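Asks: Here you go, sequence then predicted model.
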Amino acid sequence: MLPQRGANLSSSAADDLRSEQAYLTTLYGRLDGLREQADRRLKTILLEAGGTPQGRTQREATRAHYAEQLAQMNAVENGLCFGRLDFAAGEPRYIGRLGLSAERHDRDPLLVDWRAPAARSFYLATAVSPDGVTRRRHLRTRGRVLTGIDDEMLDIEAAEPGGREDVTGEAALLSALTASRTGRMRDIVETIQAEQDEVIRAGLNGIMVVQGGPGTGKTAVALHRAAYLLYTYRAQLTKQGVLILGPNPTFLRYISQVLPSLAETGVLLATLGDMFPGVRARAVESPPAAAVKGRLGMLDVLRKAVADWQSVPDDYVEVDHDGYPLRIERAVLEDARAAARKSGRPHNVARQIFVTEAIHALSLQIAERIGADPLGGDNLLSEADLAETRRELREDIDVQQALFDFWPVLTPRRVLRELLSDPVRLASAAGDLPPEDSALLLRPRDARWTPADVPLLDELAELLGVDDTLRKRQAAVERREAIEYAEGVLEIVEGSRSLDFEDEKDFEKDEVLSAADVVDASAFVERHEVLDTRTAAERAAADRTWVFGHVIVDEAQELSPMAWRLLMRRCPSRSMTVVGDVAQTSELAGTTGWEQVFEPYVAQRWNLVELTVNYRTPAEVMAVAADVLAAVDPALQPPRSVRSAGVAPWALRVPRAALPAEITAAVRLESAEVGEGRVGVLVPEALEPELGKHLVETVPGAAVGEQPDLLNQVVLMTVRQAKGLEFDAVIVVEPDEIIAESPRGLSDLYVAVTRATQRLGVLHTADLPKVLTALAP
Ligand SMILES: Nc1ncnc2c1ncn2[C@@H]1O[C@H](COP(=O)(O)OP(=O)(O)OP(=O)(O)O)[C@@H](O)[C@H]1O
C-alpha cells in the first residue's frame, strides 16, 4: 500500500509532524531497500572474473554504475527530503536531494529530485505567481527525524501580513543565513532563491557570466549549477567532466563538502596552480611579478625564449664520423633551422624536420667526398648508397648529440626555469617588455612554481608540442614485448596441460579446452591490459590536453589574460559558467570589465546575468561596505542585504605597541559573542607574520599561515587568502595599510568588510581611512 502523502491542510501542527515523520520514514525505508539492492548487485559483479575484453568493459561500467548509485544514496542520508508542495488539485509532491521512485512503476515518484523540472515550483512559486501551488512546506530534519515544519501559504489572501515577496521560503532562508558558520560551506538546496535558480538551471551552451556583489551566492550558485548540469546532461558530462576552478586551496577545502552533500562527486575542483599536470604551483610571489606574467605580452617573450634554443654555431662544429672528421657548417644548420621553423610546427615536432634536413645536407657532403668521380662524371653513389649514408649519420651518437645541441628536445619546465633564472636568456627573450618588468621576472633557479607560472608552462607546452613518434615507437616495442611474454605464458600453460590432469582417470584430453585453444597471444595481452577505471575528473587532472564538457570559474575576476588562454584551451566548446565580481578584483592582472575578457574569444556572444541580493552580510555591515565601494568606483552598486543583524559594526583606535594584545582581546570578545561560530581576523600582508605569531601564542587553536585550517574557531589571514570565505565575526586590522599595500587596496578593503555574516569590528592605530569614517565613534 502507498503511504499516505502527508496530512491535509487543516490538520493540527502535531498531526502534521506525525504524518510527515511517517512519510519520511517511508522514504528512508525505500532508500534502504534500493541501497541493499545496489549493494547486492555490486557484490555479485565484484565476484565475477574473466570473460572477453568487451565483457570486462561492460562489467566495469556496471560496477561503476552501482558504486556511484551507492555513493549517491549514502550521500543523501542527511536531508534526504526537505520540502513539499501542495497544489490546488492533485497529490502533494515531496522534494529532496535525490529522486526516489515508488516500488510500483505506475505510481508517482515518492520523492522528486530538486533538479527535476517537477521541483522547480518549489523555488519559483510566489503568492503573486503561485503556478498552481497552494502551499510550500520546508521540512527540518536531524538525521532521519523531523524536527520542524515551516509553511508558506501561496494564495494572496492567505499570505501572512509582513511576508516578503522578494524571497521564497523566508523562515527557512533566515534560519540558514543566521546559523553559525562551521568553516565549511553548506549547500543551499533547500532555499535557492528565484534569481539564483535562473542561473543554476540555464542551458549548457555558451558562456554565462554571473556578476554579483559579495554574498550574493555566486559560489553557491556555481556549485549547484554543476550538480544541475550533471543531472540534466549526465551522459555527456560524465564522459568529459566538469571543472570548477577556485582561487586557492583553502577556498577549495571550504567548498569541498557542497557537491558530495548533493551526491555529486564527478567534478574536478582545482586552482590555477593545479592546471599543469605534475606541477603543484603553490609558492607565493610579488603581485607585480604575477601581473607581468599574466599579461599577453608574455606570449612574445615565450616564443622568443623557445626560438633562442634553436641555435647555430658561429662558424662550424666538427664531429668524428666513421673515422673521419665531419664538419657541420653554420649554413647547413641555418638552412635546416629555417625549414623546420617554416613548417610552423611546435618545436619538438619540428625537430624531425631540422634533423632530416641537416642529415640530408651532411649525406650530400659525405657523398661529395667519397663518391666523387675521379674522371669528373656524376657522383658514383647510388640512391641506395645515399640512403645508407643517411641511416649511418642518423645512428651516429656524435652526430645526434651535435644536432641535439642545436635543436634540443625541450620540456616546458626547463624552458621556463632557464628563462626566469638566466639573465642572458631573459634579456634576449624580453623583446618589447619594459626593463623594469623583466627585472621583476628574474628569480633563483631553484624557486618553487607559482600559480602565475602555470599559464606560461601551458603556453610553452603548446609552443613545444610533443614528438609522438618516439612515444608511439616505445608503445609498439612495449606491446611486442607483452605479446612475446604472453606467448611464453601460453606455452607454459600448454606444456603443463598433461600435468594438471594426469591423475584424473577418465580424463579425455581432447575434450578440454586449454587457454591456448581459446585465446591467442595478442588477445591475451588485451585481456590483461589494465582497464582505465578512473573517473573523467581523475583522468582530466592528469592530462593537460583534456577537454572539459563544462568549465565553471569562481572568483573569475582574478584571472589574468594568460590564465584565460589556458582555460579556453580546456574548453573549446566555450560551455562555461563564469562567476565573479569586478569590484572585488585584487590581482593586478585580473579584470575590471568582462568585455575585455571575452571579446577576444567569442566577441559579443556571451551572456551577463546579475545577482543583486546579498545573503551573507547584514545591512549594518553593508552600509559600511557601500562607502568603500563608492570609493572603488562610484558607478558600482552594492548588493541589497536580505536581513539586518541588529549589531552595529565597531572601530577601536589602539596604540601600535598594543596592537597584538588588542587583537587577542577583541578575538576573545567576538568569540564569546558568536559562541559556536567562527571569527576571522583580516590583516595587511606585511603584518601577518608578527600578528599571526602573537595570536597563536595567546589564543589556543587559532589558525594562521599559508593554508590555515578553517575548521578552527579563530583564523588570522590576509585579505587575499580570505577571498570567497566568510566568518560570523570579522575583525579588520589596520585598514589604511590594507589600502596602501596594493593599487587595488580599496577593493581589498571592500572584500575584507564583506566577509562578515553577523559582526564587524575594525582595529586601527592611525586615523581611520576616509572611507570608514562612518565607523568613527
Ligand atoms: N539561497 C540561499 N539560501 C541559503 N543561503 C544562501 C543562499 N544564497 C547564498 N547563501 C549563503 O550566503 C553566503 C554567501 O554565498 P556565496 O559565498 O556563494 O556568495 P558569493 O557571491 O560567492 O560571495 P563573494 O563574492 O563574497 O565570495 C553563503 O553562506 C551561502 O551559503
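Replies: Yes, it's here.

Asks: Mind checking the pLDDT average for whichever strand or helix holds residue 389?
Replies: Secondary structure assigned from DSSP states H and E places residue 389 in helix 383-395. Across helix 383-395, the average pLDDT comes to 89.

Asks: again, but for stretch 654-667
Replies: 97.

Asks: Can you list the buried residues in that stretch?
Replies: For stretch 654-667, the neighbour count (16 or more other Cβ atoms under 10 Å) marks 654, 659, 660, 662, 663, 664, 666, 667 as buried. Bear in mind the C-beta positions are built from the backbone N, C-alpha and C, glycine included.

Asks: What ranges in the protein fall below the confidence cut-off?
Replies: 1-11, 156-166, 375, 380, 470-471, 474, 482-483, 485-533 (pLDDT under 70).

Asks: Go again with 80.
Replies: The chain contains residues with pLDDT under 80 at 1-12, 48-57, 105-106, 155-167, 265-266, 369-381, 467-538, 777.

Asks: thinking again about what came up before, for the helix holding residue 389, give me every contacting residue.
Replies: The contact list for helix 383-395 (Cβ atoms under 8 Å, 6 or more residues apart in numbering) reads 321-322, 355, 359-360, 362-364, 366-367, 371, 381, 399-400.

Asks: And for residue 705, nearest residue in space, chain neighbours not counted?
Replies: Excluding its sequence neighbours, the residue lying closest to residue 705 (Cβ to Cβ, 6 or more residues apart in numbering) is residue 692, at 6.9 Å.

Asks: Show me what the helix or strand where that neighbour lies is packed up against.
Replies: For residue 692, the element it lies in under DSSP H and E is helix 688-698. Packed against helix 688-698 by the contact rule (3 or more Cβ pairs under 8 Å, 6 or more residues apart in numbering; DSSP states H and E) you find helix 659-674, strand 679-683, strand 714-718.

Asks: most surrounded residue in the contacts of helix 383-395?
Replies: Within the contacts of helix 383-395, neighbour counts (other Cβ atoms under 10 Å) peak at residue 362, which reaches 26 neighbours.

Asks: Would you quantify the distance from that residue to the ligand?
Replies: 62 Å (Cβ to the nearest ligand atom, to the nearest Å).

Asks: got it, and residue 363?
Replies: Counting by Cβ to the nearest ligand atom - residue 363 and the ligand are separated by 65 Å.

Asks: Now that residue: phi and psi?
Replies: Per-residue torsions, residue 363: phi -70, psi -40 (degrees, to the nearest 10).

Asks: Kindly report the same for residue 703.
Replies: Here is the backbone geometry of residue 703 (degrees, to the nearest 10): phi -110, psi 130.

Asks: What of residue 706?
Replies: Per-residue torsions, residue 706: phi -70, psi -40 (degrees, to the nearest 10).

Asks: List the contacts of it.
Replies: Residue 706 touches 282, 284, counting by Cβ under 8 Å, 6+ apart.

Asks: what separates it from the ligand, distance-wise?
Replies: From residue 706 to the ligand the distance is 20 Å (Cβ to the nearest ligand atom).

Asks: do residue 289 as well
Replies: 25 Å.

Asks: Check residue 775 too.
Replies: For residue 775, the distance to the ligand - Cβ to the nearest ligand atom - is 20 Å.

Asks: again, but for residue 227
Replies: From residue 227 to the ligand the distance is 14 Å (Cβ to the nearest ligand atom).

Asks: Report the contact partners of that residue.
Replies: 115, 259, 262, 263, 264.

Asks: quick one: residue 355 and residue 403 touch, right?
Replies: Yes. In this structure, residue 355 is within contact of residue 403 by Cβ atoms under 8 Å, at 5.5 Å.

Asks: Quick one: name the residues of this structure near the ligand.
Replies: 173, 176-177, 185-186, 188, 191-193, 196, 212, 214-220, 581, 584, 615-616, 724, 726, 754 (Cβ under 6 Å from any ligand atom).
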